[in-house]
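**Q** pasting a predicted model and its sequence here:
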Amino acid sequence: MSSNKQRSRYFSLKLITGLLLAAVSGQQAWAAGEIEQEMRLSRWLNTVKPQPPAYLPGLAWMVPEEAQKQEHIKSQLLEKIQSVKIAPEVPRATANNLAAFVGSFSATGRVVVEKIDSRWLEVNPQYDPLLKAGQKILIPSRPTSVTVVKGDGSTCQVTHSIESYALDYVRRCNRDVNSSLIWVVQPDGLIQRNGAAPWNETEQNPPAPGAWIVINDSGWPVDIPEQVARLLATQGVAADPLHSESILPAPASNQGLFGIPVIPRNNALTSNDWGVIGLIQTPTARMESAGNAVINLSKVWPYTRMTASFQIMDWFGLSVRWIDISNRLYGAANFSGDQTYKDKSVDVKLKLLNENDILPQMALGLIDLGGTGLFAGEYLVSSKRTGNLDWSLGLGWGYLGSRGNLGNPLSVLDPRFSVRPPPNVGLAGNLNASSMFRGKTSLFGGVQYQTPWENIILKLEYDGSNYQHEPLNNPLKQDSPFNVGVVYRLNQFVDFAMNFERGNKLGTGLTLHGDLSRISTPKPNDPVSVPVKTVYPTQEPDWKQVTAQLEETTGWHVLHIKRSGSEATVCFQNADANNWNGYIDRIVAVLHGKATGKISLFRIQSADAGLGMHEFLVNRRDWVEAKTSFTPAHHKRSAVLEKPAYRGFMNQQGDALVQPMERFSSSTGMFLDHSFGGPEGLLYRVGVKARGNYNFRDDTWWTGALQLGLNDNYNRFIHAPNTSNLPRVRTQIESYAKSPVNLPVFQVTHVDRLDRNNFISLYGGMLESMFGGVGGEWLYRPWHSPFALGVDVNAVQQRGFNQDLSFLPYRTVTGHASLYWKTGIQDVNVTLHAGRYLAGDKGVTLDMSRMFNNGVKMGAFATKTNVTATQFGEGSFDKGVYVIVPFDSLLTRSSIGNFNFMWHPITRDGGAMLEREFQLFDITRNQSGDLLKSGPWTDERTSQFGDAADGFYDPGLRRPLFAAAKNDLLNAGRFATTAQFWKSMMWMGGITLASSVLDKPADKFAVRHGAGSPMKAAEAFGNILPFVALGASGFAYLGDDQDSKLTRTAYSSLAAGGIGLAGTLGLKFAIGRDRPLANQGPASFNFMKTNNGNASMPSGHTTIMWAAITPYAKAYHAPWLYGLAATTNLARIGGRNHWFSDTVAGSLLGYGIGSIVYQNNRYTSRRGMELRPTFNGVEAYWKMD
Amino acid sequence: MIEYIALRAVKIFGVFVLAIMAGCSLDRSSQTVMDVYRLIRPASGQVVLNPNIRYLRILIDGREVFMALGHIDKTPDGAVEVWYSSDADVLRLLDGRLVGATIKTGVNLLSVSFSQLPRWDAVGKPAVFDRIRDMSPGYRYGIKEKMLIRTIAPPKDSQLELIPASSLTWFEETVQGAAEGDPAYYAVGKDGIVVYAQQCLSSDFCFSWQRWPSSAAGAK
C-alpha cells in the first residue's frame, strides 16, 4: 500500500514537472508527464481525469524509439529543402526560411492513438497502448485557432470556425494565395491531402481547432510540403500564440446561391444514357476509381438500354449493354412473334491523361466493340473542371459522329479514313476493327453543373449523333441537337435522371452504383469470439472440450490435435474461408484460452482433400500482445505466418486427440438458371436443389446433386436458325430444361500430390449438366509462385436431355493445357487455355481478371478456335464479362460461396469448354501462399499519419515521364557524337554487310517454305510479337509500383521501342532498299527518296522487337528472350517482307538502342549499408529493397 | 415520402438480388438463404440478462441491443453513467442526456458541454440552453447550438415498453433555428430520473433507449 502511495506521489510530481516544462516551452499543455512505471493509457487517463479545457484529440504519446525514425525523416526533409537540385526555381531565401522552420522542431516520437476514451480503451485493449518507462504523454489545452504554414515556413493563425474549410483559412491569411494542394494535419495526427483549385477540389473535412494547414505556394515538389505536414503531425496540435491579438478573426461565412453554405466537393460522376460516366447521350473523360460498378437503366423512345459498367483499373473500364428497340421487331413474326429488337454490345473506355492545372483529363472509348456494330462508335474526349462546372469536348466517330459536323481529321493520314464501312450485323461479335475511327466525324460536348444542392446536377450537351440515319432504317425526328437533363442523387448508391432529348423526347434513367472493392458487412451472426486475456492457463486442457469449442467457432471439423514440446497443432478437414485472418483469430482465441502457458507456437493446418499444402504458424506471445495492447510501429511484429507443407507434415507425433473424418456432408437450397438477351427476353428456371458429398478417403470422394425445377419459361425458347455445322454441344439448352428432376452432377473424384509442386486428379461420372465421362488433370504449382501450369484430358459423351444417367450418341475427347499467371500488377490474373473444345474445335481461351482485396473479382474472357466466324454463327467467337462477389462481403455471417454475374452475349457451340467441378487450380488455392492478404475492406487508417508517406520515396519514372523521355533522347543524341557510337556503327554495318551473302538463299527458302503452315504460324506469331512486347510493357509501366524494377524496365522497353521506330524510319528513308516482294533483287537501292517510308532496310518489326526485349533480357538475365525476338526475324524473312540482312541490321540496331536506354534507366538496387543520425549518435543499418 | 418509397424499393430490389444470389450458391446454400433472411430481419431471440446488472434496452432501426452499466464517473458536471455494448462500444449519459459515444466504426460523440442547462424539474415553460459538441468522423469539433426544451404530451410513436407513457413527464429538445433534424425526446420519472429517451447522433443514426429492467418509478 505504501509503495502504491509512493508511486502515486512520484507520478504526481512527474506530472507537475511535466506541466511546468510544457508551460515553459509554450505548449499550453493541460497535462503532461513522463511514464515512470509501465501502465495502460486508459489507467493514466483515469488518473488524470481530463476535464475542459483538456483537448483529448490532441493527446500525444511520445515513444523514444519512434523519435529516431522521425529524426531521420526530418534530416532528409532538411537536406531536400536545402538542395538546389530539388527545386531550382524556389528562391534560396524561401528555402532557408522553410529549413529554419523545420529545424525549429525536434522529433517527438509521437505515436497516434485514434480513440482516447479511457472507458472504451479498457474494454478494447488491442487499442489501449501500454505505456513504458521513459515514454511521455501530453494532453494539450484546447486551442481556439488553426495555423496556416506557407511554403517559406511562415505561419498565420486564424480563429477556428466549424463552418470553415482549409482554403477559407488560407484565404483569410492571404486572399491571392495559389496552392492547388493543401495538407490538413488534424489534432489526432491524421494528414489529409485536399485538392483546393477549381479543377481538383475534393470533398474534405473541416480543420479542427489546433489543426495545421500546410500549403504549397512556393512551387515546391509535392513531397516537401507533404513531409512538412508529416513532421507537424508528430508535433501535436498547433497551439494558440501567447498573444491572442495575433490570431486573425475566423473566416467569413461562405455562402453561395440561395444562402446555401459552399462546401468543398468532389466532382460528381454520373452516368449517361449509355451507362458510362458522361452527360446525357455523350461520354465525358471522367472515370470512377477501380472497383466501382454501375447498373444503369435508361429509356428514351424508342430505346431502352440496360448497361452494366465495371471499372477494372483506374484507367480502364468495361461496359456491357442490352438495347431494346421498341419500334423494330426481333425477326419475322413466325420466328419471334411481337418480340422487339434486342441488341447486345460491349464498350471499353481508357483514360489517356489525368487532369492537371492546365491540361484536361482525356479518354478514348470504343462503343459496341463486340456486338452487332449497330451503334458502333469511337470517341476521344477531354474534360476540364472549373469549380461546379465540368466541361467536356470530344470527337466522335461512327454512331457518335454521325452528325458529321467536322471532316475526319485522320483522313490527312490516309484517305480511307473518310469512309466508314457499314457494320456487319449478321456476324455480331466481331471487333469491327476495320471501321474504327473512319467515316463521319462530329464534335460533341457540354457541361455539367453541380447545383448548390448536393443531390441535384444539371446537364447540357451538344449531341454528335444524327438521328436521321439510325440503325435498322429507323430515322428519328430531332428538333434540336442540344439535350438538357437533371440528375437527382437519392443517396450515395442511387441516381435518377430525367432528360429532354432531341428537342422532343423525354428520357428517364435509373443508376445503381457503388464501389464493389469496398463492400463489407459486419458479422454479428458469427459465433461470439472468446475474449483474449493476458493470463496463460497453467493446466493441460481437456482437448475434447477444446475441439468442441473450435468446431463451434469455425464450423469446421477437427481431424486431430497434436501436442509436442512447446507446440500445439490443430488440423481441420477441408477448412475454407474468405477471411482467413478472422478465422485464425477465432481459433487462436480458443486455443490461447485453454492451452497451458508452456505452448508458445500454434500450428493451424487444413487437410485440403489429403493434399496437405500449408499451415499457419502463430507465435502465441506476439499474437496475445497484438490482441491485448496497442503497440507503436517499431515494435509491431507479424504474429501469424503462412508456411508451405514439409515432409511428414500430416504425420507429426504427439496425438492429443484424433477424430475420424466426416464422411458425409450435404446441403439444400434454391437454384436459379437464367438467360437474357435472346428473342425471348428473359429465360429462367428456378427450383430447389440438394447436394451431397461422401468421402471414401480424404483424397477420394463422391459428389452428387439433385434438383427439382419448380418454375421456368423455357417453353418460350426459340431455336435460332442453325448456320453452324458444329455438333450441338451447348445450343440445346431448352431440351435440358424440360425434365423437372435433374441430376446435374454425379461424379467420383480422386486427387493426389506427387511431390511438393505436382498434383493430379482423376474423375469420372456425370461431370456437368450436359456431359459425362472420365478425365484426368495434372497441375504444376509451386508454393507461392505466380505461375502454374496444368493439363487436362477428358473422354466425354453428351448426356441425355433429362440429365439422368443416360447418354446421347455424341462423344468427343476434350482437354486443354492451361497457364495461370498472377501478374502481380494491380492484382491482375491471366489464364490461358489452349486445346480441343467440346465441339472438336481447337483454339485458345484467354481470361483476364482483377481480384480486389475483399475477394471481388472482375474479368473478361474470349475464346478463338479454328472455327470461322460464319461457322460459329452469331457472335463470331465466344466471349464474356464476369463479376464475382463473395457472399462473405454481403452477409452477416462468414460465408464461402460466391455470386457470379456473367455477361455471355450468346451461347454457341464453338469454343465451349467442359464445365467440370473440382479443377486442381481451385482445389490447390492454399498453395498460393497469400491467403492472409485478403480480407474485408475497412475504413480504419492504413497508416498512422494518413495521406503522408513515412519519409521520401523516389518518385520513379511515371511522374517525370516527359523528363525521362527527354533525357533519353538527349543521351541518344550525345551518344551519336561519340567515337564509340561510330565504332559500333562500323561494326554493325560490317556484320550487316557480311550477312547479306545470305539474303538470296534465305529468300529462296522463304519462297519454298513460306506457304507451309509451320512458316505461316511462325509468321503470325513473329509479326505480332513486337506489339505484344510493347503492349505488355505499357501495361507493366502503368500498373506496377512507381519505382519497381519492372516499371523501370518497362519504361526502357517502351522508350527503346519508340526510338527504334524513329531510327528505323530515318534509315529506311536514307537507304531505300527494295523489299524481296518487289522482285528487284537484294541490291536494289533508292537512296534518299521521298517515297522510301516503306523501304526494306532495316526491318522495323525486328528493330522494335529487339529494342523492346533487350531491357528485359538484361534486367532479368534472360538471354533466351533474344531467341524469342529472333522469331520476328524469321517471320519477316518467311513472309518475304525483308531480306536476311535487313533483319540482322534491325536486330543490331534494336539491341544497341535497347542497351543504351536500359543503361540510362536501369534499376539500381537500394540494398546496402546506410548511415543515419539518431539522438545518441550515428546508426548504421543494412537497407533491403 | 417519395424518397422513402424509393429507398424501400431499392432495399427490396437489393434483397431480391441477394435472394437470387443465395439461390445461385452451390455450397451451404440453405445456410446462405437463412443469412440473407437475417440480413433483412435480424433474429430477435430471448436475451438472458443478469439480474444484478443494470441495462439499457436500445432500439436502432428495429434492432434490439442491450447495454450494461459499467461505471459511474464523477465529473464536475455530475455523475456520468458509462454503458457498454457486447461489441465493447461505449455510451455516456449525464442525467439522461447523451454526452459521449465511442463506437469502433461509425459516428462518435467525443464531448458535449452545456451551459445554463435547466434541471428536469425546473422546466415548466420552454427554456433555452447552450450546447457545444465535438463529433467524428469528419472533425466536426465545436458545434455550437442553442437548444430549446419544453414539456410535451406523451408522443404516440414512442417505443417505450412496460410503463404507461402517461406516468412519465415528457420533454422535447430541439435545436433552435435548425431547418432540419429530429428532436430528442426524454421521459422522466417521478424521481427525476430519465427512464426513456429518443435521440439522434446524426441524421441517419437515431435510436431510443430505455432503462431495463424497467419500472414505473424509473431505474434505481
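**A** Great, that's in hand.
**Q** please identify the buried residues of stretch A:300-314?
**A** Using 16 or more other Cβ atoms under 10 Å in any protein chain shown as the test for burial, stretch A:300-314 gives A:300, A:302-314. For glycine as for every other residue, the C-beta is placed from the backbone atoms N, C-alpha and C.
**Q** that one: how far from the chain's middle?
**A** The chain centroid and the centroid of stretch A:300-314 are separated by 21 Å under Cα atoms, centre = their mean, to the nearest Å.
**Q** over to stretch A:618-635?
**A** For stretch A:618-635, the distance to the chain centre is 30 Å (Cα atoms, centre = their mean).
**Q** thinking again about what came up before, closest one of the buried residues of stretch A:300-314 to chain B?
**A** Chain B has its nearest neighbour among these in A:Ala308, at 12.6 Å by Cβ to the nearest Cβ.
**Q** which strand or helix spans that closest one?
**A** strand A:303-313 (DSSP states H and E).
**Q** A:Asp755 belongs to a strand?
**A** No: residue state for A:Asp755 (DSSP: H, G, I helix; E, B strand; the rest coil) corresponds to coil; a strand is not indicated.
**Q** separation between it and A:Trp783?
**A** 12 Å (Cβ to Cβ, to the nearest Å).
**Q** what are the ranges of the helices in chain B?
**A** Taking DSSP state H, the helices of chain B run over residues B:2-24, B:29-40.
**Q** which of those has the lowest mean pLDDT?
**A** Looking at these, the lowest mean pLDDT belongs to helix B:2-24 (a mean of 48).
**Q** what's the closest residue to A:Thr202 other than its chain neighbours sitting at in phi/psi?
**A** Counting by Cβ to Cβ, 6 or more residues apart in numbering or on different chains, A:Gly195 is the residue found nearest to A:Thr202 once chain neighbours are left out, at 4.1 Å. Main-chain torsions, A:Gly195, degrees, to the nearest 10: phi -70, psi 140.
**Q** who is A:Gly195 paired with across the strands?
**A** Taking DSSP bridges, one obtains A:Leu181 as the residues bridged to A:Gly195.
**Q** hang on, the earlier thing: what angle do strand A:303-313 and the helix or strand following the strand holding A:Ala308 make with each other?
**A** Using DSSP H and E, the helix or strand that directly follows strand A:303-313 along the chain is strand A:316-329. If you take axes from the mean of the first three to the mean of the last three Cα atoms, to 10 degrees, strand A:316-329 sits at 170 degrees to strand A:303-313.
**Q** tell me the mean pLDDT over strand A:316-329?
**A** Strand A:316-329 shows a mean pLDDT of 91.
**Q** hmm, back to that, what's the neighbour count on the residue nearest to A:Thr202?
**A** 19 (other Cβ atoms under 10 Å in any protein chain shown).
**Q** same question for the one 4 residues further on.
**A** Counted with other Cβ under 10 Å, residues neighbouring A:Trp199 total 20.
**Q** and for A:Val214?
**A** A:Val214: 30 neighbours (other Cβ under 10 Å).
**Q** and it, what element?
**A** Using DSSP H and E, the element containing A:Val214 is strand A:212-215.
**Q** how about A:Thr547?
**A** Counting by DSSP H and E, A:Thr547 is part of helix A:543-554.
**Q** only alpha carbons, please: show the helix or strand that that helix is followed by as PDB.
**A** Counting by DSSP H and E, the next helix or strand C-terminal to helix A:543-554 is strand A:557-564. The C-alpha atoms that make up strand A:557-564 are tabulated as PDB, following Å, rounded to 0.1, in the frame of the first residue of the first chain:
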ATOM      1  CA  HIS A 557     -14.400 -30.500 -38.400                       C
ATOM      2  CA  VAL A 558     -11.200 -31.100 -36.400                       C
ATOM      3  CA  LEU A 559      -9.300 -34.100 -37.600                       C
ATOM      4  CA  HIS A 560      -6.600 -34.100 -34.900                       C
ATOM      5  CA  ILE A 561      -4.800 -32.100 -32.300                       C
ATOM      6  CA  LYS A 562      -1.100 -32.800 -31.700                       C
ATOM      7  CA  ARG A 563       0.900 -31.700 -28.800                       C
ATOM      8  CA  SER A 564       4.700 -31.700 -29.000                       C
END
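**Q** wondering if strand A:557-564 reaches chain B at all.
**A** No: Strand A:557-564 stays clear of chain B (Cβ under 8 Å from any Cβ of the partner chain), getting no nearer than 13.8 Å.
**Q** contacts for that strand, please.
**A** A:543, A:546-547, A:550-551, A:568-574, A:599, A:607, A:652-659, A:661-662 (Cβ atoms under 8 Å, 6 or more residues apart in numbering or on different chains).
**Q** how far does the next helix or strand after that strand sit from the chain's center?
**A** Sequence order places strand A:567-573 as the next helix or strand after strand A:557-564, per DSSP H and E. The chain centre lies 35 Å from the centre of strand A:567-573; the measure is Cα atoms, centre = their mean.
**Q** strand A:567-573 to strand A:557-564, inter-axis angle?
**A** Using the same axes, to 10 degrees: strand A:567-573 against strand A:557-564 is 160 degrees.
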